[in-house]
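1. mind folding the following:
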Amino acid sequence: MKDRILHIVIYSVGFICLLIFTAIRIPSFFNMLVKEKVIPEYWENTPYGELYNFNRIEHFKEDLPPATIKYRYTPKQPEIKEADILTFGDSFFDFARITTFPERLGDTLNKRVYFARYDYPLNTLAQNNYPKGTQKLLIYETAERYIPVRFSKPQVNTWVPDTRGVLRKSLANARDKLFIKDSEVRYSLLLTRSYLTEKLYAKVATLKFDMFGYIAETTPVYALNQPIPWLFYYEEVNEDVTSFYYQHSEEDIARYCDNIADLRMKLKNEYNLDMVFMPVPCKYTVYHKFVNQHTYNNLLPRIYKGLEKRDVPFVRLYDDFINSKEILYYGTDTHWNPKGLDMALRKTVDCIKDRIAVQIALDSIHSTNNPN
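-> Take a look at the predicted model:
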């Protein structure tokens, strides 16, 4: 009898493991098990922004808009060589629970806008054999905390063609299917969002928070007694270079600004692209007042000053965001809400409208001189 029970337990556990192993590799099967369906074109890079999902404490649950397919995966996005405006950036430009910034920019200006979810445009341009033609606008967006990461040294083109043979590519694809790189994220999603475990996991997490103050290390700073609950990402509040508290030296600021100016020069010389820099304030920079009165390291104002000295055009968001009486970010997500995006869009259009007018004039002159 004991052996029979042991066999049943072993086979049951084995079946469950096989089920989970298979589910994280087959999206349709995965979606049968989870409450909020995974849209591949939405979920990529997303679990790191929606902070509630790091801890699942019910006090921080926020009713976000439903997920949609990201703009860059839709037919609306043009090919890179056909675009009027090129945009590069991180998740602020790629947050698809609201209409994304690149799509809104294209609709506002009636322009074809291309977006790449990538921090190094020189690689993307080289990979796509982008030609040096008539001047176009390129907007480079980055979250404030990643300025020191992306511009600690000059950006260079590191892309090299894939010269592997058909067999090696096939083997690599098979390996990637078997050992998927984001498997831990998918396993975590099954644990926290499946029909069988979601409620139990949230109840346990909430109980641990209420009784012991336990919260995930990825969201160590929070506020509950405010108009809305707030969670802040660990990279913004730790001691690393990404933090609100990190003390950047004058040499650091000069190096970041030099490398931003260097990228702008390379884009202009190699591709005739006019780069406008757009650093987006981190949520903790704007809303740490709901937690404390700590002193900001003043990174963005110092960056602004350095870029002005180097004649680098940029979108100045910090002052408007700080002084706004409206809430511009989701409380338990790292991203801006529609009001924040609206303000950023207005500031961006104001910043680039003169540059676009000049480009239209240049295009007109070019068309007149080359009627055929």
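2. pLDDT weak spots in the stretch 151-300 of the chain?
-> Applying pLDDT under 70 to the stretch 151-300 of the chain flags residues 169, 172, 174-180, 182.
3. please enumerate the strands of it.
-> 221-223, 230-232, 273-280 (DSSP state E, counting those that start in this stretch).
4. among those strands, which is the most enclosed?
-> Among the strands of the stretch 151-300 of the chain, strand 230-232 has the highest mean neighbour count (mean count of other CB atoms under 10 Å), at a mean of 26. Backbone N, C-alpha and C define where each C-beta goes, glycine included.
5. which other helices and strands does that strand contact?
-> The contact analysis (3 or more CB pairs under 8 Å, 6 or more residues apart in numbering; DSSP states H and E) places strand 230-232 against helix 52-55, strand 221-223, helix 283-287.
6. closest to residue 19 out of the strands of the stretch 151-300 of the chain?
-> Set against residue 19 and scored by CB to CB, these come closest in strand 230-232, at 32.0 Å.
7. residues contacting that closest one, please?
-> Contacts of strand 230-232 with the rest of the structure, by CB atoms under 8 Å, 6 or more residues apart in numbering, involve 51-52, 54-55, 60, 219-224, 283-284, 287-288, 290-291, 331-332.
8. same thing with stretch 203-216?
-> Residues outside stretch 203-216 that contact it (CB under 8 Å, 6+ apart) are 54-59, 222.
9. the stretch 1-150 of the chain: strands as residue ranges?
-> 85-88, 113-116, 136-143.
10. could the ones you listed be laid out in TSV, adding mean neighbour count, distance to residue 259 and mean pLDDT?
-> Formatted as TSV, the strands of the stretch 1-150 of the chain follow (neighbours: other CB atoms under 10 Å; distance: least, CB to CB, whole Å; pLDDT from 0 to 100):
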stretch	mean neighbour count	distance to residue 259	mean pLDDT
strand 85-88	26	15	97
strand 113-116	24	19	97
strand 136-143	22	12	96
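11. from memory residue 27 sits against residue 34, does it?
-> No - applying CB atoms under 8 Å, one finds residue 27 not in contact with residue 34, separated by 10.5 Å.
12. neighbour count winner among these two?
-> residue 34 (18 against 15; other CB atoms under 10 Å).
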